[in-house]
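[1] need a structure here:
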Amino acid sequence: MNRIITNMEKQVNTKSRLLILLVVVLVVLNISAMGFIWWQSMGATPHGPMHGKQPFAVIIDELKMTPQQQKAYIQMRDEHHARVEEIRDSTRLLRHQLFQLLSQDSSSTAHAAEIAKLIGDKQAEIDMVTYNHFKQVRSICTAGQKQRFDEIIEDILKAMAMPPPPPHGRP
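    Presented below is the predicted three-dimensional model:
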């Protein structure tokens, strides 16, 4: 009888150890997964010239602009921003008009397509305004600055195209 009880105690003890080990492994995996998700939501360490900085600051820093160049660039940036916002405002109005058509039983798909084309035209206008802006910025650069500008412009455009992350993680 004592042997049976001893064997049962060994089996229970082995099962308990296995269960504890399994719980520990699951906790470690859970913490690792949560850490990875948190790290992803915070964004990986920024690479390239951006290092988490605004495009405006990157251009000034990376090109090592003189005070005179900075003054000209600030004026260009302000003009570009004002023009893009003006176009975006008209795009918002067009989008509003487009979706107002949903409430009209008599609205035609052709009319919706016309408005959608106008929205696309506005986006193309923003792209051309931005292209011309950076062409103008490049024109105030020295030969060495132009070379560096050509190296960083893709990263700057990507940063400008990405929406900013939500303030406290994902929505």
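[2] pLDDT below threshold where in this structure?
    For the chain, the stretches with pLDDT under 70 are 1-12, 41-52, 162-171.
[3] so which residues of it form helices?
    2-42, 55-63, 67-100, 109-139, 143-161 (DSSP state H).
[4] mind listing what's buried in the shortest one?
    Neighbour-count burial for helix 55-63 flags 55, 58-60, 62-63 (criterion: 16 or more other CB atoms under 10 Å). In this view, the C-beta of every residue, glycine as well, is placed from N, C-alpha and C.
[5] hmm, who's touching it?
    Helix 55-63 has contacts (CB atoms under 8 Å, 6 or more residues apart in numbering) with 49-51, 53, 65, 69-70, 73, 77, 137, 141, 145, 148-149, 152, 155-156, 159-160.
[6] CA atoms only: put it into CSV for me.
    Taking Å, rounded to 0.1, in the frame of the first residue of the first chain, the C-alpha atoms of helix 55-63 are listed here in CSV:
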residue,chain,number,x,y,z
PRO,A,55,11.3,66.8,-42.9
PHE,A,56,11.9,70.5,-42.6
ALA,A,57,14.5,70.1,-39.9
VAL,A,58,16.1,67.2,-41.7
ILE,A,59,16.6,69.2,-44.9
ILE,A,60,18.2,72.1,-43.0
ASP,A,61,20.4,69.8,-40.9
GLU,A,62,21.4,67.3,-43.6
LEU,A,63,22.2,69.9,-46.2
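[7] and it with helix 109-139, angle?
    30 degrees (axes from the mean of the first three to the mean of the last three CA atoms, to 10 degrees).
[8] picking that back up, tell me which of the helices of the chain sits most buried.
    With neighbours taken as mean count of other CB atoms under 10 Å, those reach their highest mean count in helix 55-63, at a mean of 18.
[9] next up, the contacts around Q97.
    Neighbours of Q97 in contact, by CB under 8 Å, 6+ apart: I115.
[10] off-centre distance for stretch 144-152?
    Mean-position distance between stretch 144-152 and its chain equals 23 Å (CA atoms, centre = their mean, to the nearest Å).
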